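Visitor: I would like to see how this sequence folds:
(one chain, ligands or ions: 1)
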Amino acid sequence: MEINNLFNIKGKVAVVTGGSRGIGEMITSGFLANGVKVYISARKAPALIEKAKELTDKYGQECIAVPCDLSSIEGMEEFTDLISQKEEGVDFLVNNAGAAWGEPYETFSEKGWDKVMDLNVKSMFFLTQKMTNLLLERASLEDPSRVINIGSIDGLNVPALETFSYSASKAAVHHLTRVMAAKLVKENILVNAIAPGPYPSAMLGSAVNHDYSEIEKRNPRKRVGSAEDIAGLAIFLCSRAGAYTVGETITSDGGIVKTASHNLS
Ligand SMILES: NC(=O)c1ccc[n+]([C@@H]2O[C@H](COP(=O)([O-])OP(=O)(O)OC[C@H]3O[C@@H](n4cnc5c(N)ncnc54)[C@H](OP(=O)(O)O)[C@@H]3O)[C@@H](O)[C@H]2O)c1
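Guide: Okay, the predicted model is just below:
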């Protein structure tokens, strides 16, 4: 046992969905900087290809763009086929791509449910199902493969915004994580979820006009999350250090969920 080298993930192969920006880019950066080859996906090909090139140059480690739409079964199959052509196996799958939808209760639309539930929940299940053979290639009792599902503190707390389908989808992600963990742990694939709090991104930025000052003021840690925060947690879960953690949903929110009632009183 190398207890002085618990977070080493060098030489592994990872897939990060929605890796072109935001939280997906942050986790990808952490993997690349620590010697992992990373496949990133997103729908907008030019931005994705540009990002893969930028990150490869920055970290001197291979980052490969695979443009695809993960909201359809065909898109997921194409994506998985492409990875299978390039790799015999995959060590880490990070199901990060997600969508949010805000609309007043009175007019909240069916589209706002279908888009969010399809991408955030259904695609997470089907992509993992389709990539299970690739994950199994790298899975052993001593060194299991890992799946990280990106949930949200909105799936734990009641959010302030009118994002009914989004918060329900994220609660579903957290429970799906436990259900899938129970199935896949038998195959040496460990499934866990991260529930992020506020991280600067296109998604959060559009909800607050890219002004995070109020969010920072209210946060127990007085700031939004950074690449180090979310990548650090992902690396923990993927390394030897996280090999006994199964089916968990771990918050990364500066303390919002666990200290909210204390801070209010
Ligand atoms: N930022 C936060 O504060 C926060 C907090 C809690 C949870 N989260 C969760 O973290 C995850 C990432 O969010 P983010 O804030 O980083 O959002 P973001 O900046 O909007 O990034 C979303 C990523 O997903 C990709 N994507 C969206 N739809 C896709 C589809 N159908 N197929 C393939 N890729 C798709 C986007 O690229 P394209 O648009 O090119 O497809 C982009 O790369 C989400 O699951 C979100 O719910 C975020």
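Visitor: Straight-line length of stretch 3-17, end to end?
Guide: Between the opening and closing residues of stretch 3-17 lies a distance of 31 Å (CA to CA, to the nearest Å).
Visitor: what's in contact with it?
Guide: Contacts of stretch 3-17 from elsewhere in the structure, counted by CB atoms under 8 Å, 6 or more residues apart in numbering, are 2, 24, 27-28, 31, 34-42, 70, 83, 87, 89-97, 127, 131, 138, 235-236, 238-241. Glycine gets a C-beta too; all of them are placed from N, C-alpha and C.
Visitor: Apply 7 Å and report the result again.
Guide: 24, 27-28, 31, 34-41, 70, 83, 87, 89-97, 127, 235-236, 238-241 (CB atoms under 7 Å, 6 or more residues apart in numbering).
Visitor: Which of the helices or strands spans Ile215?
Guide: Secondary-structure element containing Ile215, defined by DSSP states H and E: helix 213-218.
Visitor: which is the next helix or strand following that helix?
Guide: Toward the C-terminus from helix 213-218 - assigned by DSSP H and E - lies helix 227-238.
Visitor: Using CSV, write out the CA atom coordinates for the lengthiest helix in the chain.
Guide: Counting by DSSP state H, the longest helix found in the chain is helix 164-184. Taking Å, rounded to 0.1, in the frame of the first residue of the first chain, the C-alpha atoms of helix 164-184 are listed here in CSV:
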residue,chain,number,x,y,z
PHE,A,164,-39.2,22.9,-10.4
SER,A,165,-38.0,20.2,-12.9
TYR,A,166,-34.3,21.0,-12.3
SER,A,167,-34.4,20.5,-8.5
ALA,A,168,-36.5,17.3,-9.0
SER,A,169,-34.0,16.0,-11.6
LYS,A,170,-31.1,16.6,-9.3
ALA,A,171,-32.8,14.7,-6.4
ALA,A,172,-33.4,11.9,-8.9
VAL,A,173,-29.6,12.0,-9.8
HIS,A,174,-28.7,11.5,-6.1
HIS,A,175,-31.1,8.5,-5.7
LEU,A,176,-30.2,7.1,-9.1
THR,A,177,-26.6,7.2,-7.9
ARG,A,178,-27.4,5.0,-4.9
VAL,A,179,-29.5,2.6,-7.0
MET,A,180,-26.8,2.3,-9.7
ALA,A,181,-24.0,2.0,-7.1
ALA,A,182,-25.8,-1.0,-5.5
LYS,A,183,-25.9,-2.7,-8.9
LEU,A,184,-22.4,-1.8,-10.2
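Visitor: Which elements pack onto it?
Guide: Under the contact definition 3 or more CB pairs under 7 Å, 6 or more residues apart in numbering; DSSP states H and E, helix 164-184 sits against helix 110-117, helix 123-137, strand 189-196.
Visitor: mind listing what's buried in that helix?
Guide: Within helix 164-184, the residues scored as buried using 16 or more other CB atoms under 10 Å are 164-174, 176-177, 180-181, 184.
Visitor: Quick check: chain neighbours aside, which residue is closest to Leu32?
Guide: Using CB to CB, 6 or more residues apart in numbering and skipping residues adjacent in sequence, the residue nearest Leu32 is Tyr59, 3.9 Å away.
Visitor: next one: phi and psi at the one you found?
Guide: Dihedral angles of Tyr59 (phi, psi; degrees, to the nearest 10) stand at phi -110, psi 0.
Visitor: same deal with Val224?
Guide: In this entry, Val224 is assigned phi and psi values of phi -90, psi 170 (degrees, to the nearest 10).
Visitor: cool, Phe92 as well?
Guide: In terms of degrees, to the nearest 10, the main-chain angles of Phe92 are phi -130, psi 130.
Visitor: same question, Glu142
Guide: Here the main-chain torsion angles of Glu142 (degrees, to the nearest 10) amount to phi -80, psi -30.
Visitor: next one: the one 5 residues further on
Guide: Dihedral angles of Val147 (phi, psi; degrees, to the nearest 10) stand at phi -120, psi 130.
Visitor: where's it relative to Arg223, distance?
Guide: 29 Å (CB to CB, to the nearest Å).
Visitor: more neighbours, those two?
Guide: A count of neighbours by other CB atoms under 10 Å puts Val147 above the other of Val147 and Arg223, at 28 against 14.
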